[in-house]
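J.: Can you look at this prediction? I've put the sequence above it.
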Amino acid sequence: MALTKYNGINETMPQTFTSMLDRFFNESVNTRNFSGFTPHVDASETEKGFEIELALPGVKKEDIDIDFQEGKLTITGERKFEKKEDNKHYHMLETQYGSFTRTFYLPDNVNPDKIKADLNDGVLHVTVPKDEQKIMKRRINISSAETEKKGQSAPKKVSATSDDGKH
C-alpha cells in the first residue's frame, strides 16, 4: 500500500474558479426537474361572486382546461419548455415548467352555468358568479294546525319574553 500526501483538496474539486462555475451551472441546469410548476393564485369574494386569478406567463389558452364538478373548480394545464435555439447553452434556468393542477372548493351558492374565464397578458381570470336565487333572503311564514284547518296561511305571531317576564 502506497502512502500519498493529503493536501486538503478533494480530487473531484475543480482546480480553477472558472471550472467550478461551469460545473455549478451545468449541474444545476441539468438536474432541474421540469415537473414543479405551481402558478401563483389570487382568490377573492365579492358581493356577486368569486374571482380567481392565476399567473400563467407563457401558457397558451389551448394548454389550459377548466372543469367544475360537485362544487370543485379545477384548473389544469402545462407550461412547456420550448428550446428556440439548439446551440444555446443555459447557465441558469430559474423559470418553472411542467404540468399543474389547482383545485378550488366553492360553496353551493354558485352558478356553474355562468362561469367565465379569460387569459390576458399571462393572467387567467376566472369569474364564478353567485346564484341570485340561492343567496336571496326569503321570509318563511309559520303556520299552525288551526290556520291550516281554516284554509288560511296567515303568519303566526311569536312573542319573546325575557327571564324577568318582560317583553
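T.: Happy to help now that I have it.
J.: any idea of the mean pLDDT in the one helix or strand Leu119 maps to?
T.: Secondary structure assigned from DSSP states H and E places Leu119 in strand 116-120. Across strand 116-120, the average pLDDT comes to 97.
J.: List the buried residues in it.
T.: By neighbour count, with 16 or more other Cβ atoms under 10 Å as the criterion, the buried positions of strand 116-120 are Ala117. All C-beta spots, glycine's among them, are computed from the backbone N, C-alpha and C.
J.: Just the C-alpha atoms of it, please, in CSV.
T.: Listed in CSV are the C-alpha atoms of strand 116-120, where the atom choice follows Å, rounded to 0.1, in the frame of the first residue of the first chain:
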residue,chain,number,x,y,z
LYS,A,116,-66.4,32.8,-17.3
ALA,A,117,-62.6,32.7,-17.9
ASP,A,118,-60.2,34.8,-20.0
LEU,A,119,-56.5,34.8,-20.4
ASN,A,120,-54.9,38.2,-20.9
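J.: Does anything pack onto it? Which helices or strands?
T.: Applying 3 or more Cβ pairs under 8 Å, 6 or more residues apart in numbering; DSSP states H and E, one finds that strand 116-120 contacts strand 123-129.
J.: List the pairing partners of the strand it packs on within its sheet, with orientation.
T.: Taking DSSP bridges as the criterion, strand 123-129 pairs within the sheet with strand 49-55 (antiparallel), strand 116-120 (antiparallel).
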